[in-house]
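S.K.: let me see the structure of the following:
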Amino acid sequence: MGREQWKKILVGSAGNMVEWFDWFVYASFATYFAGAFFPDGNPTAQLMNTAGIFAVGFFMRPVGGWLLGRVGDRKGRKAALTLTVTLMSASAVLIAVAPTYGVAGYGGAVVLLIARLLQGLSVGGEYAASATYLTEASDPSRRGFASSFQYVSMTAGQIVGLGLQIVLQRTLSDDALHSWGWRIPFVVGALGAAIIFYLRRNMLETDVYEESADDAGADRKGTLTALWAHRREAFLVMALTMGGTVAYYTYTTYLTKYLSNSAGLSKETATLVSFCALIVFACIQPLAGRLSDRIGRRPLLITFAVGSTFLTVPIMTMLKHAGSFWPALGLALLALVVVTGYTSINACVKAELFPTGIRALGVALPYAIANALFGGTAEYVALWFKDAGVESGFYWYVAGCAAVSLIVYLTMRETRDIDLNRVAVAGPETTRRAPEAV
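M.R.: Numbering: from 1, shown residues only. Okay, the predicted model is just below:
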């Protein structure tokens, strides 16, 4: 890969890292600010309230996917990526200054809700814009490797958030963290977003998109009509996302809460487990992405789905009784290695399904819908099962979602050798179907 391609990947990934730092900081610091916006009571009920607002952000992602996916297809990947980071910066500022329940009653929760809605809009477009940009900016023989940096950057954002949490846990008292310390990461996120905004304003557009700019039928780019012409690919994106997104959010955003709220580990130990596991997870993404360039995407997807279907219940059960740092870390690493079969390549697989003129929207909208239905609700579903006294039911839920995706992976065609330039305009009369389920 040339220097210019590496520059595109670096800038795209850096922005993605800040986006997902802000997104995941909400989840990782929820145990500290859950009581700030809701009345005193059952800690699990407070977590359910904050998890509910977390899930609401996911339900805005389809709107963000449609809006920013349209921008990405009609105005360019650069324009969409710049807009997403602007929205994320605004949401981080709102959370940082939101008043507590003691000051404004439920007014603080309303501000929190508005911020999460903005985050949902932003991330709904960020995923597709980033996935499309990283896939298009890379050499055709290294698309899996290049696009894997999407989850490297996503995970890096979470690692930075958890690292900041560890520092704050060791420098501030527990009372200070619950009182005001939890606001610090949102201030950091807003500042980071401002820096990335500047970098993205000077980033390079992808050659694939620029080559399609003057194609006939450009007025159909990024439209729902054009997406409907590729509805089978859109449904395929939703189905192949289902199992992966549930597993990913289970072992990343929810893991720290699960270890502290269910497994009985201290918040500090639970945070350290997640931090260490995620560092390893980020490092193996490019290795798996490169492997997919050699053997194809389907073998990795199938490996993930088989592992998640049959290992989720035993892994979650053993995690609940891990008791200390090392057993919990070993089990978390096992789970994340399995999930890597999905995370390392799902971005390029989805981008490879659509032609250039509908690629951003084609990835964004169906992926965002799947995340709203499954990824965004995973934590709430887990806490619901726990509150109902049947926590193990959640383990079977995760395994069941993976089993559904396994069927899709077994029947879909390989996408590794698709030419991204094969079609520039999406429309009923001008498109040739991308690979679809057999």
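
S.K.: could you use CA atoms for every contact and neighbour count after this?
M.R.: Will do.

S.K.: ranges for the helices of the stretch 1-150 of the chain?
M.R.: With DSSP state H, counting those that start in this stretch as the definition, the stretch 1-150 of the chain shows helices at residue ranges 3-28, 30-33, 43-59, 61-74, 77-97, 101-104, 107-136, 143-147, 149-171.

S.K.: roughly how far out does the fifth one sit from the chain middle?
M.R.: When you say that, I think you mean helix 77-97. From the chain centre to the centre of helix 77-97 is a distance of 16 Å (C-alpha atoms, centre = their mean, to the nearest Å).

S.K.: and it, what does it pack onto?
M.R.: Contact here means 3 or more C-alpha pairs under 8 Å, 6 or more residues apart in numbering; DSSP states H and E; on that basis helix 77-97 packs against helix 3-28, helix 61-74, helix 107-136, helix 184-201.

S.K.: what about the stretch 301-438 of the chain, any weak spots by pLDDT?
M.R.: Within the stretch 301-438 of the chain, the segments meeting pLDDT under 70 span 422-438.

S.K.: thinking again about what came up before, winner for burial among the helices of the stretch 1-150 of the chain?
M.R.: helix 143-147 (a mean of 29; mean count of other C-alpha atoms under 10 Å).

S.K.: what does that one rub up against?
M.R.: With contact meaning C-alpha atoms under 8 Å, 6 or more residues apart in numbering, helix 143-147 is reached by 9, 131, 134-136, 138, 286-293, 344-345, 347-348.

S.K.: before we move on, the earlier item: which stretch in the helices and strands packed on helix 77-97 has the least confidence?
M.R.: Ranked by mean pLDDT, the helices and strands packed on helix 77-97 bottom out at helix 3-28, with a mean of 77.

S.K.: which of the contacts of helix 143-147 are buried, as a ChimeraX select command?
M.R.: Restricted to buried positions by 16 or more other C-alpha atoms under 10 Å, the ChimeraX selection for those reads:
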select :9,131,134,135,136,138,286,288,289,290,291,292,293,344,345,347,348
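
S.K.: thought residue 351 was touching residue 364?
M.R.: No - counting by C-alpha atoms under 8 Å, residue 351 does not reach residue 364; the two are 9.6 Å apart.

S.K.: between the two, which is the more surrounded one?
M.R.: The neighbour comparison of residue 351 against residue 364 (other C-alpha atoms under 10 Å) goes to residue 364, with 35 against 29.

S.K.: residues touching the more buried one, list them.
M.R.: Neighbours of residue 364 in contact, by C-alpha under 8 Å, 6+ apart: 62, 65-66, 69, 124-125, 127-129.

S.K.: cool, and residue 194?
M.R.: Counting by C-alpha under 8 Å, 6+ apart, residue 194 has contacts 85-86, 89.

S.K.: what do you get for residue 275?
M.R.: By C-alpha under 8 Å, 6+ apart, the contact list for residue 275 reads 159, 162-163.

S.K.: for it, helix, strand, or coil?
M.R.: The three-state label given to residue 275 by DSSP: H, G, I helix; E, B strand; the rest coil is helix.

S.K.: rewinding a little: quick check, nearest of the contacts of residue 194 to residue 338?
M.R.: Lowest distance from residue 338 to these (C-alpha to C-alpha) belongs to residue 85, with 30.3 Å.

S.K.: thinking the closest one is in contact with residue 124, fair?
M.R.: No - between residue 85 and residue 124 there is no contact under C-alpha under 8 Å: 11.4 Å.

S.K.: can you list the low-confidence ranges for the stretch 151-300 of the chain?
M.R.: Scanning the stretch 151-300 of the chain for pLDDT under 70 picks out 213-218.

S.K.: tell me the one among the contacts of residue 364 nearest to residue 152.
M.R.: For the contacts of residue 364, the residue nearest residue 152 by C-alpha to C-alpha is residue 127; the value is 12.9 Å.

S.K.: skipping adjacent residues, who's closest to the closest one in space?
M.R.: What sits nearest to residue 127 in space, not counting adjacent residues and going by C-alpha to C-alpha, 6 or more residues apart in numbering, is residue 364, at 6.8 Å.

S.K.: residues in contact with residue 88?
M.R.: With C-alpha under 8 Å, 6+ apart, residue 88 has these contacts: 19, 22, 118-119, 122-123, 190, 193.

S.K.: got the phi and psi for residue 173?
M.R.: The phi/psi pair for residue 173 (degrees, to the nearest 10) reads phi -70, psi 160.

S.K.: for it, what are its contacts?
M.R.: By C-alpha under 8 Å, 6+ apart, residue 173 lies in contact with nothing.

S.K.: the chain should start at 30 in everything you say after this.
M.R.: That works, and once the first residue is 30, the last one we named lands at residue 202.

S.K.: and it, how close does it get to residue 196?
M.R.: Distance of residue 202 to residue 196, computed by C-alpha to C-alpha, to the nearest Å: 11 Å.

S.K.: contact partners for residue 222?
M.R.: When contacts are counted by C-alpha under 8 Å, 6+ apart, residue 222 touches 44, 47-48, 114-115, 117-118.

S.K.: could you check how far it is from residue 127?
M.R.: On the measure of C-alpha to C-alpha, residue 222 and residue 127 end up 19 Å apart.

S.K.: same deal with residue 156?
M.R.: Residue 156 sits at a distance of 27 Å from residue 127 (criterion: C-alpha to C-alpha).
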